[in-house]
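Peer 1: Sequence first, predicted model second:
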Amino acid sequence: MRADSRPKGTSKAVVLSAVLHLGIVGFLALAVVPCSFYESLFETLHLPAEWNPITCTKPVSLQGEIIEAELVGVTGAPPPKVSNTKAKPTPETVPPPPSVPPPPSEETPKIKTLPPPPEHPDTKDQEKVVAEGIQKAEDAKKEQEEKQRQRAAELDAQAAKHKEEEQKKIDELFAKMDAADKSTKAAQSKANQAKQQLADLKANAQENGVDNVPYAPQKQTGSNGPDAGLRAQYLAAIQNTLKQNWVGPDNMPTNQQCLLHIVQLPGGQVVSAKVDSSCPFDDAGRKSVEDAAMRANELPYKGFESVFSRTVDMYFKP
């Protein structure tokens with residue numbers, strides 16, 4: 001049994017060894033055959049190119065002109081021999097590596113030397129530069145001083161204007177005070193005159209049984225007549241009121257009388273008072289008579305309603 005099985009095992013090993021060697025030889029044959037053979041074979045048999053397990057690497061094509069470069073250094077090759085026949089350039093599958101320029105050599109910087117100073121410098125130019133500098137400084141100083149003077153003048157003008165306004169306010173205040181003082185003095189003078197007149201009337205007053213009528217040795221009317229009726233008493237009361245409010249000049253004649261025309265409203269309020277052209281008094285005396293009627297403002301009315309008249313003509317005697 002063992003002798004019969006040994007030849008079978010040996011033949012099997014030999015077959016496997018032969019197959020292995022044939023596979024190695026076939027692989028080497030496939031490796032030696034160029035890839036273009038397989039491509040042409042697939043094209044001849046009209047088989048799809050995707051089935052081809054071996055494909056050739058195509059050269060990389062770059063856009064632009066072909067760059068011719070020479071290698072410099074240890075790896076540089078001798079330049080090609082120039083031939084008379086013009087051969088067509090065959091495209092290379094792999095582009096040549098770009099040429100690397102050599103590093104720039106470090107150059108020492110050039111030091112510029114300044115020209116030597118002149119042996120005899122121009123003193124005139126130096127003096128001119130110095131003079132111009134001094135002149136500019138003086139001009140700047142004058143300009144600054146001028147600005148300061150203008151500023152001071154503006155401040156003085158503002159202060160003067162403010163002082164003038166304050167003085168004007170003070171003057172107006174004093175003017176108002178003076179006017180008020182004059183008005184007070186005039187009112188006090190009138191009050192003193194009225195007080196004096198009232199004192200004189202009281203000193204010379206005697207009982208005569210008639211109100212608002214000054215004392216007289218005998219009864220008189222407002223026209224200095226003998227009529228003793230209500231109309232005469234009414235005119236006498238008006239005469240008495242005018243004398244109480246009359247302030248006349250010192251040179252008034254006491255032996256003359258002036259005709260006065262008075263217009264009044266019911267109640268005795270005076271509307272106007274004007275002396276007649278026949279009045280013998282001067283302008284100041286005439287005005288004092290008219291002012292007495294206007295100053296009285298209201299003439300006697302109560303008790304004289306029946307004899308009241310809007311226009312009253314009467315003689316006034318100081």
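Peer 2: Thanks, I have the structure now.
Peer 1: burial of Q239, as a residue count?
Peer 2: 23 (other C-beta atoms under 10 Å). From N, CA and C alone the C-beta is placed, and that goes for glycine too.
Peer 1: Tell me the buried residues in stretch 147-159?
Peer 2: For stretch 147-159, a neighbour-count test (16 or more other C-beta atoms under 10 Å) marks nothing as buried.
Peer 1: and it, what's its mean pLDDT?
Peer 2: Averaging pLDDT along stretch 147-159 yields 92.
Peer 1: For the stretch 151-300 of the chain, which segments count as strands?
Peer 2: All strands of the stretch 151-300 of the chain, identified by DSSP state E, counting those that start in this stretch, fall at 258-264, 270-275.
Peer 1: so where's the protein shaky on pLDDT?
Peer 2: Low-confidence regions of the chain, defined by pLDDT under 70, span residues 1-9, 30-33, 52-112, 114-122, 197-198, 200-228.
Peer 1: Run through the helices of it in chain order.
Peer 2: For the chain, the helices defined by DSSP state H occupy 2-32, 35-44, 123-204, 230-244, 283-296.
Peer 1: Tell me which of these sits nearest to C258.
Peer 2: Closest approach to C258 among these (C-beta to C-beta): helix 283-296, 5.5 Å.
Peer 1: Next, the angle from the closest one to strand 270-275.
Peer 2: Going by axes from the mean of the first three to the mean of the last three C-alpha atoms, to 10 degrees, helix 283-296 is angled at 160 degrees with respect to strand 270-275.
Peer 1: Domain-wise, how is this protein divided?
Peer 2: Following automatic domain parsing, the chain resolves into domains at 2-51, 133-187, 230-316.
Peer 1: Which of those sits closest to Q126?
Peer 2: Proximity to Q126 (C-beta to C-beta) singles out domain 133-187 among those, at 10.8 Å.
Peer 1: re earlier: turn the helices of the chain into JSON lines, columns for distance to K274.
Peer 2: Formatted as JSON lines, these follow (distance: least, C-beta to C-beta, whole Å):
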{"stretch": "helix 2-32", "distance to K274": "159"}
{"stretch": "helix 35-44", "distance to K274": "151"}
{"stretch": "helix 123-204", "distance to K274": "22"}
{"stretch": "helix 230-244", "distance to K274": "14"}
{"stretch": "helix 283-296", "distance to K274": "6"}
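Peer 1: Just name the most buried of the ones you listed.
Peer 2: Of the helices of the chain, the one with the most neighbours on average (mean count of other C-beta atoms under 10 Å) is helix 230-244, at a mean of 20.
Peer 1: With mean neighbour count as added columns, please give the strands of the stretch 151-300 of the chain in JSON lines.
Peer 2: As requested, the strands of the stretch 151-300 of the chain are exported to JSON lines (neighbours: other C-beta atoms under 10 Å):
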{"stretch": "strand 258-264", "mean neighbour count": "19"}
{"stretch": "strand 270-275", "mean neighbour count": "16"}
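Peer 1: follow-up on the earlier one: of all the domains of the chain, which lies closest to Q193?
Peer 2: Short answer: domain 230-316, nearest of the domains of the chain by C-beta to C-beta, at 5.9 Å.
Peer 1: returning to what we had before: so for K124, which of the domains of the chain sits nearest?
Peer 2: Across those, K124 has its closest neighbour in domain 133-187 (15.1 Å, C-beta to C-beta).
Peer 1: that older thread, just so I know, which of the helices of the chain lies nearest S306?
Peer 2: helix 230-244 (6.8 Å).
Peer 1: Report all helices and strands that the closest one contacts.
Peer 2: helix 123-204, helix 283-296, strand 311-316 (3 or more C-beta pairs under 8 Å, 6 or more residues apart in numbering; DSSP states H and E).
Peer 1: ok so, going back, so which of the strands of the stretch 151-300 of the chain gets nearest H162?
Peer 2: strand 270-275 (51.3 Å).
Peer 1: Contacts only, for T254.
Peer 2: By C-beta atoms under 8 Å, 6 or more residues apart in numbering, T254 lies in contact with K317, P318.
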